Each structure stands twice: as C-alpha cells, then as structure tokens.
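# Give me a model of this one.
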Amino acid sequence: MDFRYFMRRFINGITLMFGVTMITFILMVYYGPDQTYALVGKNPSPEDIANIRHKLGYDLPFFTRYLNYLREIITADFGYSTYFNEKVSSIFSRTAPVSFLVSLPGFVLGNVLSILLACLAVFYRGKWVDKVVMIFAVMGMSISLIIVLLAFQIIFCTSVGLNWFPVQGWDVTSFSSYLKYVTVPTLSTVFVALGYNTRFYRSIIADEYSKHYVRTAYAFGVHPWKIMLKHVMRNTMVTITTRLIYTLPFLLISGSLVVESFFNIPGIGRITYEAMTTGDLPIVKAMVSLTTVIYVGIFVIIDIVYRLVDPRVSVK
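From the prediction side, this is the model:
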C-alpha cells in the first residue's frame, strides 16, 4: 500500500513538474524578453537578425523549444550569461557554496532559537516571560531588514561602533575569517527571522499544549517539561518540519538577495539581483527553473520525511 501511494505521489509530482515548467517556459522563454536586438549590434542586416534568432532558437517550433528547455533543466546547462559572459552552470557552482555558507548559520540559529523561545513562552503562557518573548517577536517583525542591516553594520562594522567586523566583502580563507565575514549577516537575519518564526512556532505549540492529553498528563503528575519535550514537541514536528523543508530552496538556491547585495557577498543572491537589473535572462531563467524543480521535488518526498520524523503518520 505504501509503495503504491509513493508511486502515485511520484506520478503526481512528474505531472506537476510538466505543468509548472510549461507555465514557466511560456512566461519566461516563449513570451519572454527577446534578446535578438541586444546581441545583434547596431544597424543589423536582415541576415544578421535571422542568424541571431537561429542561434537563440527562436525559429524553432513551440514544443521543440519546450523540450530544449526541459533538457536545460535536466542537464543544468542554461548556456552563457549575457552580462558576465560565463556559463551559467559555472557561475552557480562558484556562488552556490557562498550562499549556502552565508545562509546556513542564520537558518539554523533562527529556527532553533525560535523553537526554544516558543516553548518557553508556551510553558509560561500569560506570564511576564511570555509577554517579553512576544514583545521581542513583534519588534523583530515590525523592523525592516534593511534597517536592521544598517543598524548592525554601524554597531559592529564601523569606527562609530565596535568596529569588530569588516563592513562588506567575502575574503574567506579559513574558519576564523569565515566567522569574521558571516557574523553580522547572521545576526541581522536571525534578529528578523526570530520575530516571524517565534510567533509561528508559539502558535502551533500552544495549540498542541492546550489539548486534553496534556491536562491528563498533568493530573498524573508528569513533569511539565517532560510533557513539553517528549509529547508536545513530538506532535508538532510534522508542522515544524513542513515549514523547515519549504524554506530550504531559499537556503540551497537563492541565498539571501538583500543580505548578499548589501554586504557585497559574491553569492547567488547578489548574482540574481545583478541579473534582474541588467536583464540577464539566462541566469534569471535558471534561478526560476531550479527553484521550481526543488519545490516539486519537495512535494514528492515530503511524505517520506514525515514518516521519518513521526512514524505514526499514515500515508495510506
């Protein structure tokens, strides 16, 4: 039964993949920006225009172009960047590790601290601890990331403040230099993420904590923290896992566009920003396509992850 379910899930995922890639192809490629006149130069002849259109594949039939687009996704070969004059795959292989290293500490710390603060707020619900945590969460949600980046940069990176870290850049050659460059971006993203994450986690944990089995466990004298950690958290792990998994594409693919651009970090986020501002269609197309593929892949495997997190989950 489980095998048949997973096969249906896989087939649904493939169908969804074709549907989403078809929509992406129509919007971004078939009816997307025409690069002919950006590449042909001034005063082109009809032959020059025809040669460029043939080189770009604009003269091919619709489904041939769509199949070529699928081949690009499968092989991760999106041609050459029109702005950087480099293969898109080479750009991604160089910038993806940087984005991963920049985003990972903030992703881990932001979620771990948010879950801990949410547990603390629920455990002391209605008391001053809960109110302080919620005030802090609302502050994190209310302040713009740009304001936080500016404030943290002034505090930690300038002579006006502590001047402990570099203002911008990414000259990482060792673990100590990595900590030097990643600390301020991590603190900024964690400060903002704590607000949204804490409120979300507190909501689902508080809902689980108010159920009848918790009151029954209290009546039998089970320690409150044991109830929280062993039972409540276990029952909320599916929801928490869903949130974590669906934010992974931003960690693995897109990085942090604002943070990388602000601190001049050579990751995928900054490359994507420059591609959007310069009209570099191959990079933008690659970003949208790869993010789409990862989301569809998550749709296919998420039930398997649920079973690993909580074996009690039925997929029948």
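# tell me the contacts of I283?
78, 81, 83-84, 88, 91, 271-272, 275 (CB atoms under 8 Å, 6 or more residues apart in numbering). The way it works is simple: take the backbone N, C-alpha and C, and place the C-beta from them, glycine included.
# which SS class is it?
helix (DSSP: H, G, I helix; E, B strand; the rest coil).
# got a pLDDT number for it?
You'll see I283 listed with a pLDDT of 84.
# What of S314?
Predicted confidence (pLDDT) for S314: 58.
# Check V112 too.
90.
# Quick check, G269 in contact with F262.
No - if you go by CB atoms under 8 Å, G269 and F262 don't touch, sitting 9.7 Å apart.
# between those two, which one's more packed in?
G269 (26 against 19; other CB atoms under 10 Å).
# quick one: buried residues of the helix or strand containing that one?
G269 is part of helix 268-278 when elements are defined by DSSP states H and E. Within helix 268-278, the residues scored as buried using 16 or more other CB atoms under 10 Å are 268-272, 275.
# Show me what that helix is in contact with.
Taking CB under 8 Å, 6+ apart as the rule, helix 268-278 contacts 81-83, 91-92, 95-96, 98-99, 253-261, 264, 280-281, 283-284, 287.
# Take these and keep only those in strands.
Secondary structure defined by DSSP state E assigns none of these to strands.
# Tell me, domain by domain, which residues of this protein belong where.
2-75, 88-309 (automatic domain parsing).
# any idea which of those domains is most buried?
Comparing these by mean neighbour count (mean count of other CB atoms under 10 Å), domain 88-309 comes out on top with a mean of 17.
# so what's the nearest residue to T36 once chain neighbours are set aside up against?
Spatial nearest neighbour of T36, excluding adjacent residues (CB to CB, 6 or more residues apart in numbering): I52 at 5.1 Å. By CB under 8 Å, 6+ apart, the contact set of I52 is 36, 39-40, 44.
# before we move on, what about V98?
Counting by CB under 8 Å, 6+ apart, V98 has contacts 170, 255, 265-268.
# Lowest-confidence entry in these?
G255 (54).
# Specify the residue positioned farthest from the middle of this structure.
In the chain, the residue that sits farthest from the middle, by CA atoms, centre = their mean, is S45; the gap is 44.9 Å.
# what's near enough to touch that residue?
With CB under 8 Å, 6+ apart, S45 has no contacts at all.
# Distance of it relative to N51?
9 Å (CB to CB, to the nearest Å).
# Could you list the low-confidence segments of the stretch 101-250 of the chain?
250 (pLDDT under 70).
# After the one helix or strand R53 maps to, heading C-terminal, what element do we hit next?
Per DSSP H and E, R53 falls inside helix 46-56. Sequence order places helix 62-75 as the next helix or strand after helix 46-56, per DSSP H and E.
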